[in-house]
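Visitor: How does the following fold in three dimensions:
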Amino acid sequence: MKVQFITYITLALLLNYQALSAQIPGTLVSGTLKNSGKVQVMSFQFFYKQILEHHPVVKQANLLNEMARQRLRQTRGEGFDPKLKSDFSRKEFKSKDYFNTWKTSLKVPLWIGAIEAGYERNNGVFLNPENSLPSNGLGFLGISVPLGRGIVTNTRRATLRQAKTFIEIAEADRRAMVNQILLEATQTYWSWYLAHRKLELIKDGYNLASVRYKAVKQRVKMGELAGIDSVKAKIILQKRLYELQDVYTKSNNARIKLSNYLWQEDNIPLEVSGNLIPSDNVPINTPKLGDLLDQAAQNHPELLSLNLTQKNLRVEERLQRDELKPRVDLKYQILTNPVGNNQDKAVPVAFQENYKVGLKFEFPLFLRKARGKIQQVRIKKSQTELKLTQKQREVRNKVISYFNEFTNLQRLIQVQRQMVESYDLLRTGELKKFSVGESDLFLVNTRENQLLESRVKLASLETKFRKYYAKLRWAAGLAPIE
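Guide: Just a heads-up that it's a prediction; the model follows:
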């Protein structure tokens with residue numbers, strides 16, 4: 001009766017044992033939580049949110065948009081801001097007032113040409129006759145417009161269009177940077193999950209081996225088993241202890257690596273604690289290949305960046321083609337004395353009195369500079385087009401490849417789960433046979449090792465499945481997790 005009772009207890013322990021969750025000593029996320037000593041779950045959603053809000057690389061990526069906006073602001077300022085200028089010059093030598101010149105003007109650039117208004121006052125003994133003005137100076141209001149080169153487009157307008165496009169390019173580059181860091185973080189999180197899951201399974205196996213070793217020793221004392229069986233049980237226990245120590249270290253390292261992605265405000269790094277464990281509660285919606293390919297073709301950040309670069313090159317080519325035209329600039333100013341002067345109070349009539357007009361013509365005979373620039377731009381367009389074609393093919397094939405791996409892993413997981421169930425049945429049956437003396441410890445350990453290995457393999461497949469889900473979305477230009 002005593003032997004049967006010990007056998008019954010051993011079987012019950014082996015069949016119904018549930019290992020405690022592994023608790024690794026350490027500190028919780030520093031600066032966020034206090035160490036309560038209890039196991040807590042760090043959800044993937046919390047991890048994901050922390051990265052988006054505080055990771056330095058994400059912050060750097062967000063600055064790309066601000067940089068592009070400031071570049072647009074600078075371009076508008078350089079090309080279209082009104083400019084107030086004042087120029088004063090005086091020369092006096094040996095008590096002679098050679099000249100005094102003063103010109104103040106306000107120039108307002110237009111989409112085509114510019115408007116300028118101002119006041120000039122010049123006097124002196126040796127003043128250049130063409131600069132002679134009435135004693136109280138002369139006011140002017142005029143306009144300058146291009147009639148040839150620059151009327152369709154010019155450097156100011158082309159640069160402004162390109163600066164606006166750079167905002168879109170910056171957004172595409174920002175998305176690419178953020179998606180890349182999120183992918184790396186996601187892979188690290190699931191590597192941590194796998195290391196923790198292996199630790200749980202190995203610890204579970206170690207505790208089972210410990211229970212069996214104690215039971216076998218008791219049965220050896222009772223004369224129910226041979227003494228060699230206790231040696232076999234001890235070897236299994238030592239083997240599980242070795243595996244436990246190894247996977248414990250790997251779990252710690254995976255946790256430390258995960259800390260690289262956790263930050264809080266003011267760029268203070270956080271550390272993942274030993275009593276935080278990962279969660280596998282992350283919903284996965286099986287995507288359709290056609291939808292992913294359409295998404296990649298339309299919104300993949302690298303493809304968008306190349307398309308926008310082509311757009312800027314077209315603007316540049318249009319500008320360089322405009323350089324083939326002759327430069328013809330017309331400048332016209334209405335001249336008037338300041339208010340309060342008794343002379344020339346009448347408003348001037350255009351092209352009849354009190355005006356200044358100028359026409360400037362320029363045309364390079366061989367046009368080698370303009371033609372050379374046009375060809376350079378066209379070469380850049382061809383290079384970008386070839387790069388875009390290659391990138392489109394790479395993106396498409398990568399999406400298809402990852403999708404094939406993703407769907408294959410779904411099938412493999414189903415098969416592996418069935419294998420786990422089968423190995424569990426084999427182990428249970430072998431334990432029952434062992435309890436009645438129809439099996440030996442070697443077969444029990446073999447069945448248990450097979451079950452443990454199949455569970456570890458299932459955890460590895462499930463982790464790999466989640467990693468490929470993130471890779472698949474990343475390859476399509478999406479965030480790794482919805």
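Visitor: which residues pair with Pro278 across the strands?
Guide: Met42 (DSSP bridges).
Visitor: quick one: low-confidence ranges for the stretch 301-450 of the chain?
Guide: Scanning the stretch 301-450 of the chain for pLDDT under 70 picks out 338-352.
Visitor: Show me where it has its helices.
Guide: Assigned by DSSP state H, counting those that start in this stretch, the stretch 301-450 of the chain shows helices spanning 301-322, 368-435, 441-475.
Visitor: The second one packs against which elements?
Guide: Going back to what we said before, that points to helix 368-435. helix 2-16, helix 289-299, helix 301-322, helix 441-475 (3 or more CB pairs under 8 Å, 6 or more residues apart in numbering; DSSP states H and E). (Each C-beta comes from the backbone N, C-alpha and C, glycine too.)
Visitor: Using PDB, write down the CA coordinates of the shortest one.
Guide: In this case it means helix 289-299. C-alpha atoms of helix 289-299 as PDB (Å, rounded to 0.1, in the frame of the first residue of the first chain):
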ATOM      1  CA  LEU A 289      -1.400  40.100 -50.700                       C
ATOM      2  CA  GLY A 290      -3.100  42.300 -53.300                       C
ATOM      3  CA  ASP A 291      -3.900  45.000 -50.700                       C
ATOM      4  CA  LEU A 292      -0.300  45.000 -49.500                       C
ATOM      5  CA  LEU A 293       1.100  45.300 -53.000                       C
ATOM      6  CA  ASP A 294      -1.200  48.200 -53.700                       C
ATOM      7  CA  GLN A 295      -0.300  49.900 -50.500                       C
ATOM      8  CA  ALA A 296       3.400  49.400 -51.200                       C
ATOM      9  CA  ALA A 297       3.100  50.800 -54.800                       C
ATOM     10  CA  GLN A 298       1.200  53.900 -53.600                       C
ATOM     11  CA  ASN A 299       2.600  54.800 -50.200                       C
END
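Visitor: Please identify the buried residues of stretch 285-304?
Guide: 287, 292-293, 295-296, 300-304 (16 or more other CB atoms under 10 Å).
Visitor: Now Asp97: phi and psi?
Guide: Per-residue torsions, Asp97: phi -90, psi 90 (degrees, to the nearest 10).
Visitor: Next, count neighbours for it.
Guide: Neighbourhood size, Asp97 [other CB atoms under 10 Å]: 14.
Visitor: ok, it - contacts?
Guide: 91, 123-125 (CB atoms under 8 Å, 6 or more residues apart in numbering).
Visitor: Quick one: residues contacting Ile374.
Guide: Contacts of Ile374 by CB under 8 Å, 6+ apart are 317, 320-321, 324.
Visitor: Out of those, who's the most crowded?
Guide: Gln320 (21 neighbours).
Visitor: Can you classify the residue nearest to Arg255 when sequence neighbours are not counted by secondary structure?
Guide: Computed as CB to CB, 6 or more residues apart in numbering, the closest residue to Arg255 that is not its neighbour in sequence is Val272, at 5.0 Å. What DSSP: H, G, I helix; E, B strand; the rest coil gives for Val272 is coil.
Visitor: between the helices of the stretch 301-450 of the chain, which gets nearest to His196?
Guide: Minimum separation from His196 across those (CB to CB) falls at helix 441-475, 9.5 Å.
Visitor: Could you export the buried residues of stretch 285-304 as JSON lines, including distance to Lys433?
Guide: JSON lines is the format used below for those (distance: CB to CB, whole Å):
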{"residue": "Pro287", "distance to Lys433": "47"}
{"residue": "Leu292", "distance to Lys433": "51"}
{"residue": "Leu293", "distance to Lys433": "54"}
{"residue": "Gln295", "distance to Lys433": "56"}
{"residue": "Ala296", "distance to Lys433": "56"}
{"residue": "His300", "distance to Lys433": "59"}
{"residue": "Pro301", "distance to Lys433": "60"}
{"residue": "Glu302", "distance to Lys433": "60"}
{"residue": "Leu303", "distance to Lys433": "62"}
{"residue": "Leu304", "distance to Lys433": "65"}
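Visitor: in stretch 262-281, what's buried?
Guide: By 16+ other CB under 10 Å, the buried positions in stretch 262-281 come out as 262-263, 270-278.
Visitor: The helix or strand containing Asn100: what's the following helix or strand?
Guide: Assigned by DSSP states H and E, Asn100 belongs to strand 96-109. Next in sequence after strand 96-109, counting helices and strands by DSSP H and E, comes strand 114-123.
Visitor: The helix or strand following that next one packs against which elements?
Guide: Using DSSP H and E, the next helix or strand after strand 114-123 towards the C-terminus is strand 138-146. Packing contacts for strand 138-146, counted by 3+ CB pairs under 8 Å, 6+ apart, involve strand 114-123, strand 327-336.
Visitor: What distance do you get for Thr286 to Leu409?
Guide: Applying CB to CB, to the nearest Å, the value for Thr286 to Leu409 is 11 Å.
Visitor: what's the average pLDDT for stretch 133-149?
Guide: Across stretch 133-149, pLDDT averages out at 89.
Visitor: and what of stretch 286-294?
Guide: Here the average pLDDT along stretch 286-294 is 92.
Visitor: Same check on stretch 186-201?
Guide: Per-residue scores along stretch 186-201 average to 94.
Visitor: Return the distance of it from the chain's centre.
Guide: 24 Å (CA atoms, centre = their mean, to the nearest Å).
Visitor: related to what we said a few turns ago, list just the nearest of the buried residues of stretch 285-304 to Arg149.
Guide: Leu304 (32.9 Å).
Visitor: Which residue comes closest to the closest one once chain neighbours are left out?
Guide: Distances taken as CB to CB, 6+ apart place Ala172 nearest to Leu304, at 4.2 Å, with adjacent residues excluded.
Visitor: Can you get me a residue count around the one you found?
Guide: There are 23 residues near Ala172, going by other CB under 10 Å.
Visitor: which residues does it contact?
Guide: Contacts for Ala172 (CB under 8 Å, 6+ apart) come out as 301-302, 304-305, 308.
Visitor: Kindly recompute the last result at 10 Å.
Guide: 64, 299-309, 477 (CB atoms under 10 Å, 6 or more residues apart in numbering).
Visitor: Can you tell me how far the residue nearest to Gln410 when sequence neighbours are not counted is from Leu183?
Guide: Nearest residue to Gln410 in three dimensions, chain neighbours excluded: Phe465, at 6.9 Å (CB to CB, 6+ apart). Distance of Phe465 to Leu183, computed by CB to CB: 15 Å.
Visitor: so can I have CSV of the helices and strands packed on strand 138-146 showing mean neighbour count and distance to Ile51?
Guide: Output for these, formatted as CSV (neighbours: other CB atoms under 10 Å; distance: least, CB to CB, whole Å):
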stretch, mean neighbour count, distance to Ile51
strand 114-123, 17, 49
strand 327-336, 17, 54
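Visitor: In a markdown table, list those strands along with distance to Lys381.
Guide: Putting the helices and strands packed on strand 138-146 into a markdown table (distance: least, CB to CB, whole Å) gives the following:
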| stretch | distance to Lys381 |
| --- | --- |
| strand 114-123 | 32 |
| strand 327-336 | 26 |
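Visitor: Relative to Glu448, which of these is closest?
Guide: strand 114-123 (87.6 Å).
Visitor: got the angle between the closest one and strand 96-109?
Guide: Going by axes from the mean of the first three to the mean of the last three CA atoms, to 10 degrees, strand 114-123 is angled at 170 degrees with respect to strand 96-109.
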